[in-house]
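Participant: Fold the following, please.
(3 chains)
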Amino acid sequence: MPSKYRNFRNSVPWILLFLEVVLIILFYFLFSDNDAPVSTIYPAFQDVNHMVIFGFGFFLTFLKRYGFSSTGFNLLIIVLGVQCSVLIEDSLGLLLHKREDEDAAVSMTAVVISTGAVLGKANPVQLILMAVVEIIAFHMSRWINTTFLEVLMMHVHLFGAYFGLAVSSHFSEPSPRTEKNASTPKSDLLSMLGTLFLWVFWPSFNSVLLENNKTKAIYNTYFALAVSAVTAFVLSLLTAKDGKFRMTDIHSAVLAGGVTIGYAANIIEYPWIAMILGLLASGIAVLGSYCLQRCLHPALKIHDTSGIHFTFGLSSVLGALAQVVLLVLKEWTESPRLHYLVMIPIGAFCLTISVALITGFIIGLIVNLKLFKTTPVSKYFEDQFYWEFPHLAVGF
Amino acid sequence: MPSKYRNFRNSVPWILLFLEVVLIILFYFLFSDNDAPVSTIYPAFQDVNHMVIFGFGFFLTFLKRYGFSSTGFNLLIIVLGVQCSVLIEDSLGLLLHKREDEDAAVSMTAVVISTGAVLGKANPVQLILMAVVEIIAFHMSRWINTTFLEVLMMHVHLFGAYFGLAVSSHFSEPSPRTEKNASTPKSDLLSMLGTLFLWVFWPSFNSVLLENNKTKAIYNTYFALAVSAVTAFVLSLLTAKDGKFRMTDIHSAVLAGGVTIGYAANIIEYPWIAMILGLLASGIAVLGSYCLQRCLHPALKIHDTSGIHFTFGLSSVLGALAQVVLLVLKEWTESPRLHYLVMIPIGAFCLTISVALITGFIIGLIVNLKLFKTTPVSKYFEDQFYWEFPHLAVGF
Amino acid sequence: MPSKYRNFRNSVPWILLFLEVVLIILFYFLFSDNDAPVSTIYPAFQDVNHMVIFGFGFFLTFLKRYGFSSTGFNLLIIVLGVQCSVLIEDSLGLLLHKREDEDAAVSMTAVVISTGAVLGKANPVQLILMAVVEIIAFHMSRWINTTFLEVLMMHVHLFGAYFGLAVSSHFSEPSPRTEKNASTPKSDLLSMLGTLFLWVFWPSFNSVLLENNKTKAIYNTYFALAVSAVTAFVLSLLTAKDGKFRMTDIHSAVLAGGVTIGYAANIIEYPWIAMILGLLASGIAVLGSYCLQRCLHPALKIHDTSGIHFTFGLSSVLGALAQVVLLVLKEWTESPRLHYLVMIPIGAFCLTISVALITGFIIGLIVNLKLFKTTPVSKYFEDQFYWEFPHLAVGF
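Facilitator: So this is what the prediction gives:
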């Protein structure tokens, strides 16, 4: 048994090294023309980069024995994924005659969200495979949307959440008696640090995500996030047994408003609409977590470590729905008959979620083959399986 | 007894929900005109937002068992307060024909500082009431200053500190034997994280606070903060018993320079003046903490959990004084007789501090009525009174 | 013995106060001309400031009992150093008729790196002396480079690393049995927070460091950092005994790419070159740490607490080498004979490293005189030697 793990471990560096060498070679062939334009929108790229590296890295540290892996593997996945993403966008850009460099960081959000669903259960090789395939699938789905449906919306949270859920359905559930799948007050506080970091950067993120009316997008996002946070506190109390706040509800629900408004922040005219969307998003996140974890997930055998289904999945479904409703209302007020164009965002939504679920399901099957030597359930949520701990055990 | 607490807890979500619905309705009526201009100064708004959410959230985590409440309630108070603040500023803006959206985040600093004085003692209902009333009182005092005295200075730290102190004078003191009102090295380090975050953003904050000469304001603030930090280390050693640094002194005094210089950073000509102000501010913060905690506070029965009186209160009195002296000196060098205009900033200062103390005293009385079921002294500084703790107790 | 320490402690505040008063007086004489121009590049200054105060402050918190000193003394050293640095640059600027205000924060990086080498071993007086002398020596070496060799390159990491190593060679080694020189999972995680903060700000830092082509510098730095992070994970596994990642390798190697690329990020044409440099830098950092700590350092009696030799020293040697190679290749393709101008960056490199080693060696001798009452080896890496700990010891 130990030799088997050692074998697995011995393969990790070579897989990583092989991947990196392939990436460098591809960069050599693709980026060696002298006229490669360089994007000038650094502040936006920097804000998104802070969010995915620092914000998500600490957002996922809530597991008490998985802090090293949460932040470390998050960094590893992102830097690999950004390189793939830049390559793919450039190849597509050569076809489409446009390039958007900051999108490479934005599309990593999908990967980071997906890894949240299998946090503590997938080993690094599985995570790397997942990340590379997801980036390719995401860009494929996005390319179809852009080319055939002329929808520029990125659907990044939606894709990430449902891809992650589809993958996680193949992983064994942790034994319910284990206490490793829990948080400590200190790890919850570090996770709060990541959450607040994500919260304050979310308006910037949505302004990068949406093509036009960036200032409107920022303010609508801010109002949605504010109401979302208030509603998170309200519903956390209402669903709790003895009238106490639950930190996990706060973590997930304060961000739900930002996800939902990410679809329509630039077309919403008045802040009260953004505020109502924030309220609904937070409601769906907390009530979804309350109901689904009791009914749906056990039936579907999905174990979603970080609750990404409620924070990102359901919120983006609501956001996509809200976007369609707003478009319909707008067209209705202009000329009272439904235009067929309204069907296009619905088509893009269905396509994205289908690609995410199908590719996620397939990659979930593949990474659980014996070949990838999956982590035994007893070693789930355990930093010491992957990291050297020179520290005294008592100091933990 | 437990049923009474349950009753209290049951009221919190409905109060929050009611408030949020009222806010959305008010936004509906106030912000539904199509010509609502949108501010374009996002970077400034973002910097201030980072400060109040992230910086103050972690600045206040020094209590060893109150980290969840410090960061969580801080977020709740701010998002509620910003919504109120935007509404009030818009209503006043309709009167005054100008709107400044980033001011909504700036004025939240006053509320955050006030909550620091009752940190660990006030329950969420009390905090919400405090925040809403304080925002109204602050805007009232500011409106009087702007309209009648033509003083644009925001006095945000001054108002926050003395409002908070007036409120805290009504709360029972914690029993001196309790050890919950203490910090651990880990919580002190997290608080240092918040302090450093505030420290690096303070120049941006002062440049938002002051109307003109923003670059000069930034550099003067930086120099004042630098000298303030050095002086904090010096005086911490001089006032300590056995020549060791005290972390609480560092936390409070490194920021004092930024508060003091917030009054005159844009009119100071030479960096050495800013540096001397930083030195004086830090001196007042450390020596004030040393003397007042021994003499004045026990006499007045004020228990100021986070030492906001020294960090923000005394420093802003010094800043206001410095501003007047600088104005007098400037006029004196131009024409050697005292102009009556010098009296105006003094009037604005007195008005602000009076409004803060009076409204603070009244709201302190109100929130300590039986109706609001104040937290028993034995449950002060205790996260577990408000938050579910699914974690093992030993893991704390 | 205790009275001796008390004596030492009694001298610290007076030294600091004297220094601060001297600085204020110098600022009075140097900055009181009305035509002092004020730099307008605040965002760059702010980014660098975040890095040195917040990023390095937490990067150095990995020692389990030295978190207060790591963040606290880091702040103290930087604020003193920035004031000295502004003064020196202004004096040189009067000679050279130009001033660059953001450089004051950049040059502090050298001091922060040097303190990393003696982290936990030097007392505050020694740190202050080191910082002041290093700033003067660094500006001297930079002035020679700029004036006589016309090299604008700042060599800030190189100078910092070798100055620090030369100083640390004079400090006694900690006894190998001590466990204080270790980290805990929590302190490693806090250090990861600082590392990620540095990582995300590194592209901004390099764009400040390099004079022209700032956008190219940003993207090349990002790619180098990304490959550097991947390589860090690869080599950490390959050099470890039982195929587990080592957190210290990750901390040091993820940044190595950014240091190396800091020399040539603006002249590299294609991202694949930046990526290969990132790979080499990370390789040198991890393998250097593996080999040198076993062979060279024990022989030279250097104990380098934070591994700055691998993270910053070797990486910047590689970067300087890469810069020369790139320049040679460029000239060779233009006209195939070696121009004598290629010797100039080599000269600047040798000069910088010599000044760093010599001044570091001398100041190391001076601060270890009896006069400065060095910390006894038994008190190395111990916060309690410098800070009051009102907390319960068990709560640590």
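Participant: going forward, measure contacts and count neighbours with C-alpha atoms only.
Facilitator: OK.
Participant: Quick one: name the residues of chain A near chain B.
Facilitator: Contacts of chain A with chain B, taken as CA under 8 Å from any CA of the partner chain, map to A:182-186, A:189, A:192-193, A:196-197, A:200, A:215-216, A:223, A:226-227, A:229-231, A:233-235, A:237-238, A:242-247, A:269-272, A:275-276.
Participant: And the contacts of the helix or strand of chain A with the lowest mean pLDDT?
Facilitator: Every helix and strand of chain A was ranked by mean pLDDT, DSSP states H and E. The lowest is helix A:296-300, at a mean of 72. For helix A:296-300, the external contacting residues (CA atoms under 8 Å, 6 or more residues apart in numbering or on different chains) are A:S169, A:H303.
Participant: Then stretch A:204-220?
Facilitator: In this structure, residues lying in contact with stretch A:204-220 by CA under 8 Å, 6+ apart are A:44, A:47-48, A:106, A:153-154, A:203, A:221, A:258, A:261-268, A:271, A:274-275, B:38-40, B:42.
Participant: ok so, going back, next structured bit after the least confident helix or strand of chain A?
Facilitator: Per DSSP states H and E, the first helix or strand lying C-terminal to helix A:296-300 is helix A:308.
Participant: Number of residues surrounding A:S335?
Facilitator: By other CA atoms under 10 Å in any protein chain shown, the residues close to A:S335 number 10.
Participant: so how far is B:M108 from it?
Facilitator: 44 Å (CA to CA, to the nearest Å).
Participant: for A:I362, same thing?
Facilitator: To B:M108, A:I362 is 49 Å away according to CA to CA.
Participant: who's more crowded, those two?
Facilitator: Counted by other CA under 10 Å, A:I362 and B:M108 do not tie: B:M108 has more neighbours, with 29 against 14.
Participant: Now that that one has come up, it's in contact with B:V82, right?
Facilitator: Yes. B:M108 is in contact with B:V82 according to CA atoms under 8 Å; the separation is 6.6 Å.
Participant: what mean pLDDT would you report for stretch A:82-97?
Facilitator: What stretch A:82-97 shows for mean pLDDT is 76.
Participant: same question but for stretch A:54-68, I mixed them up
Facilitator: Taken as a whole, stretch A:54-68 has a mean pLDDT of 91.
Participant: now swap in stretch A:138-147 and tell me
Facilitator: pLDDT averaged over stretch A:138-147 gives 90.
Participant: tell me how far it is from the chain's mean position?
Facilitator: 17 Å (CA atoms, centre = their mean, to the nearest Å).
Participant: cool, stretch A:148-163 as well?
Facilitator: Counting by CA atoms, centre = their mean, stretch A:148-163 comes out at 12 Å from the chain centroid.
Participant: next one: stretch A:199-207
Facilitator: 14 Å.
Participant: Equivalent analysis for stretch A:366-375, please.
Facilitator: For stretch A:366-375 - counting by CA atoms, centre = their mean - the centre lies 23 Å from the chain centre.
Participant: What of stretch A:260-279?
Facilitator: 20 Å.
Participant: got the contact list for the nearest residue to A:I362 once chain neighbours are set aside?
Facilitator: Sequence neighbours aside, A:V167 is the residue nearest to A:I362 in space, at 7.8 Å (criterion: CA to CA, 6 or more residues apart in numbering or on different chains). Shown in contact with A:V167 (CA under 8 Å, 6+ apart): A:V118, A:G360, A:F361, A:I362, A:I363, A:G364, A:L365.
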